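[1] I would like to see how this sequence folds:
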Amino acid sequence: MGWTADDIPDLRGRRAIVTGANSGIGYHTALQLARHGASVVLACRSAERGQAAFDRMKTAAPAADLTLGALDLADLASVRAFAARHGEDPLAILVNNAGVMALPRRTTADGFEMQFGTNHLGHFALTGLLLPALRAAPSARVVTVTSGAAWAGRLRFDDLQGERRYRKWAAYGQAKLANLLFTKELARRAPDLASVAAHPGYAATNLQVAGPRMQGSALLERGAALTNLVAQPAASGALPSLYAATSPHVQNGACYAPRLLQY
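    Residues are numbered from 1 along each chain as shown. Prediction:
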């Protein structure tokens, strides 16, 4: 039998932060951590969608210990403000989950290409700012969500921000490769923590339709919505992240994906 959410150990006394917890994989990751006793901060960009997710989780798990936090990973001032508010107490689990995929070229508040800036740089800064809180908790873990696109990714150091040539899928692969490299380097530099990556597989979330919607292509948006019909549910896509965050068998620097979990 494969690993399921029922195998998550008792997390009482453990504090967790999940970025992008308002929908999709992040929502189900946060929900299961809370169901198993963790005190969970829902780090969300949209206050409205964050509150809706908070209310939905409280309905699904009335005893859940939840806190809603404002975090825009595409704005480093927001990252610093979030870390200042939520970085004082020991932090046992940080799940770097939020992300964007295959967008038309946009830039963050600080001028970085949006996919690299949000998926990698925002989480890089957040993790660094929260390191004291992570080191204050016993057996703390940092889980960074990557993608199969990382294996086709390449870091284009001569055009890292896609200013000379921008291809949305190449930019996504670069950002997801950066997530993997960050996981490995954090494991090397901070052996007192566990730094692991998770690859969810193809799951039905809002991630697929956001890019076509921003591009203004109704045809591509409908196509993405149709392919989501054959994707695994978001709750299943959250299992690698949950395994990486809670299993006693994880290895520092490893990446966990559906095939490895055999579900």
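[2] Relative to the centre of this protein, find the outermost residue for me.
    Distance from the C-alpha centroid of the chain peaks at Arg164, with 28.5 Å (Cα atoms, centre = their mean).
[3] Just want the phi and psi numbers for that residue.
    Recorded main-chain torsions at Arg164 are phi -90, psi -40, according to degrees, to the nearest 10.
[4] so what pLDDT did it get?
    For Arg164, the pLDDT comes out at 96.
[5] what's the spacing between it and Ala149?
    21 Å (Cβ to Cβ, to the nearest Å). For glycine as for every other residue, the C-beta is placed from the backbone atoms N, C-alpha and C.
[6] Asp10 now?
    Asp10 sits 35 Å away from Ala149, going by Cβ to Cβ.
[7] Helices along the stretch 151-263 of the chain, start to end?
    With DSSP state H, counting those that start in this stretch, the ranges of helices along the stretch 151-263 of the chain come out as 168-189, 207-215, 218-227, 234-237, 239-246, 258-261.
[8] export the fourth one as PDB, just CAs?
    Coordinates of the C-alpha atoms in helix 234-237 are reproduced here as PDB (Å, rounded to 0.1, in the frame of the first residue of the first chain):
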ATOM      1  CA  ALA A 234      -5.200  18.400  -5.600                       C
ATOM      2  CA  ALA A 235      -5.500  16.400  -2.400                       C
ATOM      3  CA  SER A 236      -3.400  13.600  -4.000                       C
ATOM      4  CA  GLY A 237      -0.900  16.200  -5.300                       C
END
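[9] Output the below-cut-off pLDDT ranges for the stretch 151-263 of the chain.
    202-232, 259-263 (pLDDT under 70).
[10] could you redo the last one with a cut-off of 50?
    Applying pLDDT under 50 to the stretch 151-263 of the chain flags residues 209, 219-221, 224-225, 229, 260-263.
[11] out of Asp10 and Ala149, which sits in the more crowded spot?
    Ala149 (18 against 10; other Cβ atoms under 10 Å).
[12] Torsion angles phi and psi at Gly117?
    According to degrees, to the nearest 10, Gly117 has phi -70, psi -40.
[13] The residue nearest to it when sequence neighbours are not counted: how many residues sit nearby?
    Computed as Cβ to Cβ, 6 or more residues apart in numbering, the closest residue to Gly117 that is not its neighbour in sequence is Thr108, at 3.7 Å. By other Cβ under 10 Å, the residues close to Thr108 number 20.
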